[in-house]
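[1] sequence and predicted structure, then a few things I'm wondering about:
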Amino acid sequence: MSPLFIAATMISVYRFSYGVDFQSIVACIAIFMIVIGIILTYQIVALERKLFSFGLVLNGLASIIAGIAIYTNGGFTSYAASVALLVMCISFPIGLLITVLNIDLYLINHRVKEYKISAETDHLTGLANRRAWEMQMKKIKERYDTCNVLILDIDHFKQINDQYGHANGDEILKQFSELLHRETRDHDIKARIGGEEFGILIPMLSQSEVIGVAERIRNSISKHAFKLLDQQVIHISVSIGIANGKSALLHEMVHLADDCLYHAKNQGRNRTHIHGGVEYVQ
């Protein structure tokens, strides 16, 4: 709102610098009418998300006010009236054409964004998929000097599917993913990279800090009451492998974190293992 009123005030001051008369007053009133009309149009709830109706109202409003301003500045003569009518008849369809083109461009861009999100999202969990995981690794190499890779695997997930069915298994995956969102930062990359295997890219944290994050996730998973579709509660655990190092070696770190995950699995599950064996938490 402020930029609109500031612009209208500047135009009015410029207009009055040529003298204050009836025509200049009416012209300035017309300018502020345009501003108020635009603001009111934005407030019309019925036009919300109706792009064509919104453009139609704005174009009609602008054409009418422009006609009034021309007619007033022309001294209320028949010639001024004909010019004002001509301007209105020309400006309205041109504005409508521009509105249609803008809507078309908006819809194209909107669909492109939807397709991009769909192509990079795991539709079950809402996390990034394997393709997006690979793309994000390239971006992290460019943006950050260091990064941590966490590879997580739900313990005995096949038994959950066998005992409770795949529908309940999918429900567990959804709740698991929500916990990952809750226990990590927004800019950390969370992805489902396999059936019950997940990956997290956490840039710019020290090894001790990322161990704290991994343990927080592991403890949160262990304590959480996972609800099946029939509201039955079960408890699960997760094993986590971590690699920490330079972002330039990110792909190598993924393999190292994967090795650490298998080490954690072999040592009894429900634990975090760090590359190098220096840190080991159970």
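    Ah, there it is. Numbering: from 1, shown residues only.
[2] report the contact partners of residue 226.
    If you count contacts by Cβ atoms under 8 Å, 6 or more residues apart in numbering, residue 226 has them with 172, 175, 176, 233, 234, 235, 236. Yep, even glycine has a C-beta here, placed from its N, CA and C like the rest.
[3] go on, residue 181?
    residue 190.
[4] how near is it to residue 168?
    For residue 181, the distance to residue 168 equals 21 Å [Cβ to Cβ, to the nearest Å].
[5] ok, now residue 145?
    From residue 145 across to residue 168, the span is 43 Å (Cβ to Cβ).
[6] please identify which of these two sits among more neighbours.
    residue 168 (19 against 10; other Cβ atoms under 10 Å).
[7] count of residues packed around the spatially closest residue to the more buried one that is not a sequence neighbour?
    Spatial nearest neighbour of residue 168, chain neighbours left out: residue 228 (4.6 Å); criterion: Cβ to Cβ, 6 or more residues apart in numbering. In terms of burial, residue 228 registers 17 neighbours under the definition other Cβ under 10 Å.
[8] same deal with residue 25?
    By the measure other Cβ under 10 Å, the count of residues near residue 25 is 14.
[9] next one: the one 4 residues further on
    For residue 29, the neighbour count with other Cβ under 10 Å is 14.
[10] the helix or strand residue 244 falls within: partners in the sheet, and parallel or antiparallel?
    Using DSSP states H and E, residue 244 maps to strand 238-246. According to DSSP bridges, strand 238-246 has the following sheet partners: strand 146-154 (antiparallel), strand 272-274 (parallel).
[11] packing partners of whatever helix or strand comes next after it?
    For strand 238-246, the following helix or strand on the C-terminal side (DSSP H and E) is helix 250-266. Applying 3 or more Cβ pairs under 8 Å, 6 or more residues apart in numbering; DSSP states H and E, one finds that helix 250-266 contacts helix 130-143, strand 146-154, strand 197-203, strand 238-246, strand 272-274.
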